[in-house]
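Visitor: Sequence and predicted structure, then a few things I'm wondering about:
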Amino acid sequence: MAVATESRGSEDRASAHANQEKRWVLSDFEVGKPLGRGKFGHVYLAREKRSSEIVALKVLFKSQLKQSQVEHQLRREVEIQSHLRHPNILRLYGYFYDQTRVYLILEYAAKGELYKELTRCKHFSERRTATYVASLARALIYLHGKHVIHRDIKPENLLVGVQGEIKIADFGWSVHTFNRRRTMCGTLDYLPPEMVEKAEHDYHVDIWSLGVLCYEFLYGVPPFEAKEHSETYRRIVKVDLKFPLKPFVSPAAKDLISQMLVKSSAQRLPLHKVLEHPWIVQNADPSGVYREGRSV
Ligand SMILES: Nc1ncnc2c1ncn2[C@@H]1O[C@H](COP(=O)(O)OP(=O)(O)OP(=O)(O)O)[C@@H](O)[C@H]1O
């Protein structure tokens, strides 16, 4: 399918260019079963008729986008995500619209939401967590190299591909980093001190979120969780990081988390050092894929 090919030769390039120009319409797709429901519409499994390629078609209602004043955010999401090519970032192949709806043509993540898997397992093993954290660190290095910060890395925004590889989805809160941001966004639990305090922030926010995620994968709950919003706020600002005795987590894993969850953003462990951390080196599967049964 036009949407899935990376071209090399000049002929390929010409056809890829033509494909980019292609205006998709709904009748290009056979629409199958619903995959899920979001705030603004539904996601369906679909097959592009010409290539038989399977995709996920996200259907958003213009009226709802308008009502919630998120058209601008969606435009930014599409603009950013459509230019990204990384095995751990969900591809956005293209989009089209009709009078009432906007359609996003997305890579199909066959194993669905990571969040559901985490809920089912309660928490992940160290090998599984390290494999995911390493994959996410590589994806974030790629993103930051393209001057994009994601700002909303959390289990609900992660999908799993057919091989078990993790995929960052949902670029609704991502931004280009040409100027430092002060906008408040995202769920409080994953936000770093500089964002909850509405100070300027940059790509170091994603290192913090990766630390929160690593903790949540291992313990099953995010580190600063509290009943009241104000208490979560206080715990984040103080970096009130506690490691429960159960489940057992190795000192090396705790060391990595402590080096990512640092108040001063410039002092957080850089992502390339995350990849070199002994806990990651010893536990992450080099293939970047967690396979049940093989990695306990
Ligand atoms: N590319 C995909 N491959 C497989 N399943 C998907 C894909 N995209 C979405 N889904 C499924 O559809 C559900 C709804 O997705 P959608 O992105 O609309 O909602 P959401 O993640 O809740 O986002 P939002 O809060 O922005 O509405 C997801 O929770 C997931 O189960």
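Guide: Yep, it's here. Residues are numbered from 1 along each chain as shown.
Visitor: Centre of the chain to the strand or helix carrying Asp255, how far?
Guide: Assigned by DSSP states H and E, Asp255 belongs to helix 251-260. From the chain centre to the centre of helix 251-260 is a distance of 22 Å (Cα atoms, centre = their mean, to the nearest Å).
Visitor: Which SSE is immediately downstream of it?
Guide: Using DSSP H and E, the first helix or strand after helix 251-260 is helix 271-276.
Visitor: re the thing from before, now do the helix holding Asp255, average pLDDT.
Guide: Mean pLDDT, helix 251-260: 98.
Visitor: Now do the buried residues in that helix.
Guide: Neighbour-count burial for helix 251-260 flags Ala252, Ala253, Lys254, Leu256, Ile257, Gln259, Met260 (criterion: 16 or more other Cβ atoms under 10 Å). To be clear about C-beta, it is placed using only N, CA and C from the backbone, and glycine gets the same treatment.
Visitor: Where does pLDDT dip in the stretch 51-200 of the chain?
Guide: Along the stretch 51-200 of the chain, segments meeting pLDDT under 70 span 172-187, 198-200.
Visitor: let's see it at 80
Guide: 170-188, 194-200 (pLDDT under 80).
Visitor: residues from it in reach of the ligand?
Guide: For the stretch 51-200 of the chain, the residues in contact with the ligand (Cβ under 6 Å from any ligand atom) are Ala56, Lys58, Leu90, Leu106, Glu107, Tyr108, Ala109, Gly112, Glu113, Leu159, Asp170, Gly172.
Visitor: let's see 5 Å
Guide: Ala56, Leu106, Tyr108, Ala109, Glu113 (Cβ under 5 Å from any ligand atom).
Visitor: For the fourth one, grab phi and psi.
Guide: Taking degrees, to the nearest 10, you get phi -100, psi 100 for the backbone angles of Ala109.
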